[in-house]
Every structure is written in structure tokens, then in C-alpha cells.
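> Following is a predicted model, sequence given first.
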Amino acid sequence: MIESEYKFLLDESTFDNLLKNLELDEGGPILQLNYYYDSSNLDLFRRNITFRIRQKSGCLKEEVKSLINKSGHLNVKKEFERTIDRLPLAVDLSVHSYPELVSVGEVVFLLGMLVTERYTNTKFPGLTICLDRSQYLGLVDYELEVEFDEGYHDDCMRILSKIGIAHVKKGSLGKNARFMHALKDLGLHGSGKYTPMVAY
């Protein structure tokens, strides 16, 4: 499927203000555990491909995302997913049918985990508003995502303007990119050898 969404990195104060002022769904935040995979040279990352397993509400889903278009804060990606029954330390890509993975090496390894506390607003037709607080590799960051269905782009822009976020200039890197950049900053990549999972 095609995923279209706006992403905004926030400072903590803006995040807290949105938490107070947005009419959030009942039930409190959803905890998501995101396990990221790549080769030792980060071949997927270099091709703008995300390979992750997301654990949520006791369910594991393998997800592959490939960037189609990026313009400012807007990200459009092709997304594939399937339910799996266990978390692997390594994944053999040769057994997958995802066309985006054909040109990548045979095996990708578990590099680490990013934990997201997600608050949602699903009260607007065709839109899903997410406020995310994420922790990974000793870092904490804050993000607003607004995903919109086909035909709802104008509604999305009206909502962003209404909540006063459309003017935000801060970067719009996705979670996978932020995780991989942090991994590179720690020197835990690109040796050409297996990079073990980071301990938490």
C-alpha cells in the first residue's frame, strides 16, 4: 500500500502543548517497540528502505517501507507488512518477495530497538494524527505525524494550520533515519562485519 504523511520533529515544550490541546483518543498512549534491521554497511538505509519489526499489543509485524517521494515534511512511501510469530536476530532476504529487497545483500541483522510512546487522534475522517515520544541509543525525541488517505490532503493541511504546526521548520527525518544516524554517530556501523544488536 501507499503511505502518505507529514512528519514534524518537535521540541519537548511544543510536544507537551499539543498533548494538552489535541483531543486525543481514549485509552492513553500505545507502546510500540521498533526493531531495526540492515546489513553491516547499512545497504537498506542507503537505498531509502526501512526493514523493521514492530511489536505492539503483543503482536509482531514485519514491515518494509520504500521511499517514493519526499518534499519538505511530506513523505510518500510504499509499504508492505506481514504478521510473524517470533523476533529473529537475522533475516534472510532471499526468501522474501519484496521487489525493493532484490538488489540488497542476502542477510540483514538486528541492529537495535527504538521505543515509541504514541498518542493518537482519529476523530477526523481520512486522517490519523500521532504524537510520538521515542527513545533509542540514549536519545529522546518528539514527533508529530499526520497520515492522510487519498483525497484528504487539503483536509490534512487545514488541520495542520488549525493546530499551528504547518510553520514548523525543524527537520522531518523518519524514525529509521534518526535511529541509523544515531547508530553511525556511535560508530556502530559500516565495518563490513556483523554488527551485533545494541544492548538496552
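Sure thing, it's come through. Residues are numbered from 1 along each chain as shown.

> Can you get me the start-to-end distance on stretch 51-65?
Taking Cα to Cα, to the nearest Å, stretch 51-65 runs 7 Å from one end to the other.

> To clarify, my last question referred to stretch 165-182.
26 Å.

> Next: stretch 98-106.
Note: stretch 98-106 ends 13 Å apart using Cα to Cα.

> pLDDT averaged over it - what is it?
Mean per-residue pLDDT for stretch 98-106: 65.

> Would you map the strands across this protein?
With strands called from DSSP state E, the chain shows them at 2-10, 30-38, 49-56, 59-71, 74-84, 90-92, 107-121, 127-136, 139-148.

> Compare those strands and give me the one nearest residue 23.
strand 107-121 (6.1 Å; Cβ to Cβ). (Each C-beta comes from the backbone N, C-alpha and C, glycine too.)

> Show me what residue 146 is bridged to.
Beta-bridge pairing for residue 146 (DSSP bridges): residue 6, residue 129.

> Count the neighbours of it for me.
A count of nearby residues for residue 146, using other Cβ atoms under 10 Å, gives 25.

> Equivalent analysis for residue 50, please.
24.

> Do you know the pLDDT at it?
93.

> Return the distance of stretch 110-128 from the chain's centre.
A distance of 8 Å separates the centroid of the chain from that of stretch 110-128, by Cα atoms, centre = their mean, to the nearest Å.

> Repeat that for stretch 56-65.
That offset, for stretch 56-65, works out to 12 Å (Cα atoms, centre = their mean).

> returning to that earlier point: with distance to residue 20 as new columns, can the strands of the chain be given to me in TSV?
Formatted as TSV, the strands of the chain follow (distance: least, Cβ to Cβ, whole Å):
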stretch	distance to residue 20
strand 2-10	13
strand 30-38	19
strand 49-56	25
strand 59-71	30
strand 74-84	26
strand 90-92	41
strand 107-121	11
strand 127-136	11
strand 139-148	14
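
> The residue sitting nearest the centre point of the chain: what's its closest spatial neighbour, skipping adjacent residues?
Nearest to the mean C-alpha position of the chain, by Cα atoms, centre = their mean, lies residue 175 at 4.0 Å. Ranked by Cβ to Cβ, 6 or more residues apart in numbering and with sequence neighbours excluded, the top spatial neighbour of residue 175 is residue 114, at 5.8 Å.

> Surely the one you found and residue 139 touch.
No. If you go by Cβ atoms under 8 Å, residue 114 and residue 139 don't touch, sitting 9.3 Å apart.

> between these two, which one's more packed in?
Between residue 114 and residue 139, counted using other Cβ under 10 Å, the more crowded position is residue 114 (23 against 12).

> The residue nearest to residue 175 and residue 12: what is the separation?
From residue 114 across to residue 12, the span is 17 Å (Cβ to Cβ, to the nearest Å).
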